[in-house]
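J.: structure of the sequence below:
(3 chains)
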Amino acid sequence: MRRVRFGKYLAGRLLSWFMVIFIGITFMFFIPRFFPADPVEGMIAKILSMTSLPEDQVVYIRESLRMQYGLQGTLWQQYLGFLKGAVRLDFGPSLMNFPTDASSIVMRYLPYTVGLSLVTTVVAWTLGNLIGMLAGFRKNKKSSVVLEYIAIFIYPIPYFILALVVQILFCFVWRIFPLTATIVLNQGAARFWETLLRSSILPACTMVVVGFGWWVISMKAMSENTAEEEYVRFARLRGIREGKIATSYVFRNSIIPQVSGLSISLGGVFGGALMTEIIFQYPGVGQLVQKAITQADYNMIMATVSISIVSISTATLAADLIYPLIDPRIRFQ
Amino acid sequence: MKKVWKHAGARFRIGLVVTALLALSSVILTLAYTGTDISIYNSFRKNLPASWQHPLGTTALGQDTFWMLVFSLRNSLMIGVIVATIGTVVGVLYGLTAGFVGGAVDRVMMVVADTFIVIPSLPILILMTALMGGSMSVAPLALVLGIFAWAHPARHVRAICLSMRERDFIQTARFSGEGLFQIIVTEILPYLMTWALSNFMNAVLVAIGQESSLAVLGLSSAKLPSLGNMIQWARNRNAIMARQWLWVGSPIVTIIVLFVALFMLITGYNNFIAKKRGV
Amino acid sequence: MIKVDHLTASYKTLDGNVVAVEDANFEIRDNEIFGVAGESGCGKSTLLKVLYDILDFPLQVDAGRVLFTGEKNGQPFSLETGGVRKAWWNHISYVPQAAMSVLNPIARLKNQFLDSIPPEDRGRETKEQTLDRVRAYLEELNLSSETLDAYPFQLSGGMRQRAIIALATFMHPSVILADEPTTALDVVVQRGILMLLMKLQKASRNTMVLVSHDLGVHYQITDRIGIMYSGRMMEIGKTVDLFQNPKHPYTAMLIDALPRVGDKRQRVGIPGSPPPLRNPPPGCRFAARCPKAKDVCRHDAPAFREVSQGRYAACHLLEGEDA
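T.: Alright, predicted model coming up:
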């Protein structure tokens, strides 16, 4: 009886994880096939615009492209083939780095994006909730009103706009950071970490600043509401000291919805990371996507998008699994 | 509206005034514009500084920056409004259907909606727009953005439906022989309107943001002047490197002002609704 | 002993003061269960708040004071309004209305016990040693010690209220204030809670003040009872005497409205409603609804005084009985 609810919760989350990935991948299979644009013909037009080829070679290229894009056979056969490939993360070769497998290139870039997103999310979440909690506690103080307004001002601005502003200010106006940072891979670990850190600072700051606004706003509202709860009032009447009430009663109860908010926000954070990377030319998935788009590397786009969906859903699942750890009402019944 | 203005806080008023000012002025100015197509290169001398003739100077492509900005703002707002309309209408209908039909249909519909809520939208939008090679016109672009705009309102409308279905006045209407459709139109829609309005404004904000993101990737409608495209064009021509701040800065500032104003409008309106319901 | 000395308390509002308790002047003795009864809005809960010194805006004391004197563990103590907070839970504790939401929903009960025990009381004890004392205490109250490992949502309403009472009495306070402790519970559970309160009072011989709108509750456990109406104390006396022989017309009508076993007579409530607390009319507050009201009742407020041995009331009609 005690564990039934938790099992149900876990099963629900796993099912939703699976469904998101499945529907997402299925979506990706059908989109190109129902869109008026044909990537193969697009590619051929591009090749023909550069060189002229005899007709039999065009036919040959068309056939081989169809094969590499998995466009042979009936729709059903193509779909099964695509699913089989997707399970093994095989989306065919990258055309701009032929014949390297597209997903292995994505996997090389992915850690940078995941690292950036993860670190900035944790920092933004922690900072935002701390500030929001303080603002909620001192809701009539001037400082907390000012803080809330700053948060309201920053939160709605899209990631890449803030990234542009930060870039203009720090790279052009004040010239504190170089315009493009490169990560040096082949001169030892110390040099690697140094260059990684240097090229991560601006994108990371941008993402923290955009990310934390929401946590400030929501945590302030949440802790204000919690402070009015009867159990907080009764805790005061029990003579418990304010510090204890703030931590064990107000904070612990307000943080619970913030954790579920975290799992909801992860998709947006990943998208924000892509945009921020492109602006700062940070070597992550975002840059890869941009390159793949400009070079019409269709397999590469499929691979990045699919792997993005899998990583985001997995991160969301992980955040959802933290939830029962802090909310006993989900653990037991 | 007068009542809302009177009772909602300063946040709402500032948001409303700034948003209305931006929207109205862009629409009126574009209607009043009589010059040549603002996108045409070399209409004027390149890189002119600000003057009475060109309030924001000219671009490195010889276009008038001010008029470019005005048209971009109008187009961005238009995309936002179209996407928000699609999302709100589809979402409300979907949510109403799920909420009132119930049973297995409801469960299946909600699994689909939930998937659309959690599926990361940007990567899929990238895939779709990349296939079109950035050659979409406004309508298909808005349709594509609309794919991710309906699921949130659908879920919310369904929740409202479920709670309303049990309320007395709905039951009374049912027993008095009113048809389901009539109940929805006469009893539930008015109640939904306040919520739908807030959702609509939020969807405008999200859609403009998404369009601008795609523009930075070079995937928005390629020839359409929009705030995102304007930034992207300036970036492509190294406007930042060349310190042409008016060109690259004016759309950035406009986006920031528009987004903050819209957000203030939305939160101010939501606070007002909450206060009115006595929550 | 609790001495309520000409106490007047009011709520500050934009439209002026709402006087919720006016010139309350009486004593609550050691080792008794004192009940405060009256319709909702009569000021009984406000009185309890002032007793417990919960003077948060907009509630304030305009005149008078409350004085607590007594002894705990052989140490005499005395507390006065404004300084009661430092003795909260140790000398004086508070049992709220039974509700889901008075305990932290995400903390096990044992942690909520530990939160409430002041560090001086724990001394050098380890957590487990303190919890052992709590366990022993719970068993005295016939509560399973497993309760300590539960979260509030895992307990039934009655169990939760028992746990809250255990929480409020663990420090053996000299005074326990209970605000409608059984109101939200069903009758069977209610009876169990009342018996528990009575047993606790008998065992530790402390003072208990019980506020309830339900005269049945008062009849079951209180020793003495005070009847309030529109911010004023109307009558105080031994519960048994008061039920058998009410002196004040209001008390008489309240008791007459109670259902009795085997009596099929239709019960009628008291017609009319209490006067507004903002700018109340002069004279006796009950005059407008009192069937026996005379002219003087509408002009002069009657004094609250001892009308017979241990019996206090505020009514002009009782003038003649003065000995």
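J.: any idea which helix is longest in chain B?
T.: Longest helix of chain B, by residue count under DSSP state H: helix B:65-101.
J.: just give me the residue right at the centre of the chain.
T.: Since no chain was named, I'll use chain A. Nearest to the geometric centre of chain A sits A:F270, at 1.5 Å (Cα atoms, centre = their mean).
J.: that answer is for a different chain, and I need it for chain B
T.: Central residue of chain B (Cα atoms, centre = their mean): B:V204, 1.4 Å from the mean position.
J.: sorry, back to before: so how far is B:I119 from the residue nearest to the centre of chain A?
T.: A:F270 is 12 Å from B:I119, where distance means Cβ to Cβ, to the nearest Å. Any C-beta I mention is one placed from the backbone N, CA and C, and that applies to glycine too.
J.: one more: B:T97?
T.: Separation of B:T97 from B:I119 (Cβ to Cβ): 21 Å.
J.: comparing those two, which residue is more hemmed in?
T.: Neighbours were counted for B:T97 and for B:I119 using other Cβ atoms under 10 Å in any protein chain shown; B:I119 has more, 22 against 18.
J.: pretty sure that one is touching A:V310, no?
T.: No. Using Cβ atoms under 8 Å, B:I119 makes no contact with A:V310, being 11.4 Å away.
J.: for stretch B:110-117, the averaged confidence score.
T.: Mean per-residue pLDDT for stretch B:110-117: 82.
J.: CA-only coordinates of that stretch in PDB, if you can.
T.: Output of stretch B:110-117 as PDB, limited to C-alpha atoms (Å, rounded to 0.1, in the frame of the first residue of the first chain):
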ATOM      1  CA  MET B 110      -4.400  14.300 -23.400                       C
ATOM      2  CA  VAL B 111      -1.500  12.000 -24.000                       C
ATOM      3  CA  VAL B 112      -1.100  13.600 -27.400                       C
ATOM      4  CA  ALA B 113      -1.400  17.100 -25.900                       C
ATOM      5  CA  ASP B 114       1.100  16.300 -23.100                       C
ATOM      6  CA  THR B 115       3.600  15.100 -25.600                       C
ATOM      7  CA  PHE B 116       3.300  18.400 -27.500                       C
ATOM      8  CA  ILE B 117       3.800  20.200 -24.300                       C
END
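J.: list the buried ones in it?
T.: For stretch B:110-117, a neighbour-count test (16 or more other Cβ atoms under 10 Å in any protein chain shown) marks B:M110, B:V112, B:A113, B:D114, B:T115, B:F116, B:I117 as buried.
J.: got a list of what A:R252 touches?
T.: By Cβ atoms under 8 Å, 6 or more residues apart in numbering or on different chains, the contact set of A:R252 is A:I326, C:N104, C:I106, C:A107.
J.: any residue of stretch A:107-121 touching chain B?
T.: No. Stretch A:107-121 lies out of reach of chain B by Cβ under 8 Å from any Cβ of the partner chain, never closer than 11.5 Å.
J.: meant to ask about stretch A:321-333
T.: No. Counting by Cβ under 8 Å from any Cβ, chain B has no neighbours in stretch A:321-333; the shortest distance is 14.7 Å.
J.: burial measure for C:R124, as a count.
T.: 5.
J.: ok so it is a helix residue?
T.: No. Counting by DSSP: H, G, I helix; E, B strand; the rest coil, one finds C:R124 to be coil, located in no helix.
J.: Three-state assignment for the closest residue to chain C within the stretch 151-300 of chain A, please.
T.: In the stretch 151-300 of chain A, the residue that lies nearest chain C is A:G239 (3.7 Å; Cβ to the nearest Cβ). Put simply, A:G239 is coil when judged by three-state DSSP.
J.: show the pLDDT at the residue nearest to it when sequence neighbours are not counted.
T.: Counting by Cβ to Cβ, 6 or more residues apart in numbering or on different chains, A:G239 lies nearest to C:W88, which is 3.7 Å off, once chain neighbours are set aside. pLDDT recorded at C:W88 is 86.
J.: for C:T69, see how far away C:W88 is.
T.: For C:W88, the distance to C:T69 equals 17 Å [Cβ to Cβ].
J.: distance of the residue in the stretch 1-150 of chain B positioned nearest to chain C relative to chain A?
T.: Closest residue of the stretch 1-150 of chain B to chain C, Cβ to the nearest Cβ: B:H7 (17.5 Å). B:H7 is 20 Å from chain A, where distance means Cβ to the nearest Cβ, to the nearest Å.
J.: cool, C:F77 as well?
T.: Going from C:F77 to chain A by Cβ to the nearest Cβ gives 15 Å.
J.: so what sits opposite that residue in the bridge?
T.: Legend: beta-bridge partners of C:F77 under DSSP bridges are C:G70.
J.: so what's it up against?
T.: Contacts of C:F77 (Cβ under 8 Å, 6+ apart): C:F68, C:T69, C:G70, C:E71, C:A87, C:H91, C:S174.
J.: swap in 7 Å and give it another go.
T.: By Cβ atoms under 7 Å, 6 or more residues apart in numbering or on different chains, the residues touching C:F77 are C:G70, C:E71, C:H91.
J.: follow-up on the earlier one: need the contacts of A:R252 in JSON lines (columns: neighbour count and secondary structure).
T.: Formatted as JSON lines, the contacts of A:R252 follow (neighbours: other Cβ atoms under 10 Å in any protein chain shown; DSSP: H, G, I helix; E, B strand; the rest coil):
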{"residue": "A:I326", "neighbour count": "15", "secondary structure": "helix"}
{"residue": "C:N104", "neighbour count": "24", "secondary structure": "coil"}
{"residue": "C:I106", "neighbour count": "20", "secondary structure": "coil"}
{"residue": "C:A107", "neighbour count": "19", "secondary structure": "coil"}
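J.: kindly reformat those as TSV and extend each row with pLDDT.
T.: Listed next are these as TSV, based on pLDDT from 0 to 100:
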residue	pLDDT
A:I326	83
C:N104	90
C:I106	88
C:A107	89
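J.: for those, work out which two are farthest apart.
T.: Pairwise distances across the contacts of A:R252 (Cβ to Cβ) peak at 13.2 Å, for the pair A:I326 and C:N104.
J.: for C:R160, pull up the helix or strand it's in.
T.: In the assignment (DSSP states H and E), C:R160 maps to helix C:157-169.
J.: avg pLDDT for that helix?
T.: Helix C:157-169 shows a mean pLDDT of 89 in the predicted model.
J.: can you give me the helices in the stretch 151-300 of chain A?
T.: For the stretch 151-300 of chain A, the helices defined by DSSP state H, counting those that start in this stretch occupy A:159-167, A:188-227, A:230-237, A:242-244, A:252-280, A:285-294, A:298-326.
J.: repeat for the stretch 151-279 of chain B
T.: Using DSSP H, counting those that start in this stretch, helices in the stretch 151-279 of chain B cover B:151-165, B:168-175, B:180-183, B:189-216, B:227-236, B:245-277.
J.: and those, which is most packed in?
T.: Highest mean neighbour count of the helices of the stretch 151-279 of chain B: helix B:227-236, a mean of 24 (counted as mean count of other Cβ atoms under 10 Å in any protein chain shown).
J.: nearest to chain B within the stretch 1-150 of chain C, name that residue for me.
T.: Chain B sits closest to C:S101 of the stretch 1-150 of chain C, with a gap of 16.9 Å, by Cβ to the nearest Cβ.
J.: ok, that residue - contacts?
T.: By Cβ under 7 Å, 6+ apart, the contact set of C:S101 is A:E229, A:E230, A:Y231.
J.: that one should be in a strand, yeah?
T.: No. According to three-state DSSP, C:S101 belongs to no strand; its state is helix.
J.: just the pLDDT at it, thanks.
T.: What the model reports as pLDDT for C:S101 is 84.
J.: how close does it get to C:R133?
T.: Counting by Cβ to Cβ, the separation of C:S101 from C:R133 is 27 Å.
J.: do the same with A:F34
T.: 72 Å.
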